[in-house]
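Enquirer: okay, predicted coordinates and the sequence, questions at the end:
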Amino acid sequence: MKTLYEQQWFINSVNWLRKHSDFFEKYGYGKSQNVEDFIRNPFEVLRDNCFPFVVKNVKPFSILLRCGFKPYQETRQEEYYAEIKEAFPNVNPDNYWWTYHKYEFKKGKRLFIGNDKFHHIDLIVSEWVTKYPNAAFMFQLLVNLKYYIIPIPFVAIGVRYSKTRYFQLGMGWGTQWQRPGVDDTKCAVLCGKFRFAGYEKELEWNPNSEVFGYWEGNV
């Protein structure tokens, strides 16, 4: 069965709207590379630039619970790469790195049950780091503070039921950088997510931010 972005009627509808609506072309289709990309992130330009879809210059804090993951350790990279090669012999793991080790939980408190090789339960209260970190189960509550007093919430849940497949649910104003790599100020963006995803497919869209298996990282 064809997915929505492969249905000709849907493709024709998107192309018609692009041709006849300047608003849709600029704010709806926007930066989309193709119809599949539009399905993944519709109205991205509207969302990222227009209030109330985005609230800029916020101070985000996070309560993050993760159950079941292998914590990042630089000395275990070969072990991580070996797992990828076993599952996907044609994938070059050097092209797909761990991303979570770039983030540090600053000004926060951490409690975990487990050991250096595997965390059974990991609870962190800190400044915001990232959305949708990897684990067998993940729950995150974000509170974006505007003017240090107005709370703007976001809730996310992630369930990984195999090394290559996972489910994500999210709702609210999720935190992101204003302009990654250029502007480190943060904004809260209205978003919703309800999807099942897989490692191999996600590499096509996020080759540098998709971790494999139950390892600590981003998905």
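Expert: Nice, thanks for sending it over. Numbering: from 1, shown residues only.
Enquirer: can you give me the helices for the chain?
Expert: Ranges of helices in the chain, per DSSP state H, are 8-20, 22-23, 35-40, 44-49, 77-87, 199-205.
Enquirer: may I see the buried residues of the last one?
Expert: So the one you mean is helix 199-205. Residues 199, 202-203 are the ones in helix 199-205 that count as buried (16 or more other C-beta atoms under 10 Å). Every C-beta, even on glycine, is put in place using the N, C-alpha and C of the backbone.
Enquirer: send me that helix as CSV with only the CA atoms.
Expert: The C-alpha coordinates for helix 199-205 follow below in CSV (Å, rounded to 0.1, in the frame of the first residue of the first chain):
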residue,chain,number,x,y,z
TYR,A,199,16.7,3.4,11.9
GLU,A,200,17.4,2.7,8.2
LYS,A,201,14.8,5.1,6.9
GLU,A,202,15.7,7.9,9.3
LEU,A,203,19.3,7.8,8.1
GLU,A,204,18.0,9.3,4.8
TRP,A,205,16.8,12.4,6.6
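Enquirer: just the mean pLDDT for that helix, thanks.
Expert: Throughout helix 199-205, pLDDT has a mean value of 83.
Enquirer: try the fifth one
Expert: The average pLDDT for helix 77-87 rounds to 87.
Enquirer: same check on the shortest one?
Expert: Averaged across helix 22-23, pLDDT comes to 94.
Enquirer: distance between it and the chain's centre?
Expert: 28 Å (C-alpha atoms, centre = their mean, to the nearest Å).
Enquirer: mind listing what Lys26 touches?
Expert: By C-beta atoms under 8 Å, 6 or more residues apart in numbering, the contact set of Lys26 is Val45.
Enquirer: where does the chain have its least confident helix or strand?
Expert: strand 109-114 (a mean of 77; mean pLDDT, DSSP states H and E).
Enquirer: what packs against that strand?
Expert: For strand 109-114, the packing partners by 3 or more C-beta pairs under 8 Å, 6 or more residues apart in numbering; DSSP states H and E come out as strand 119-127.
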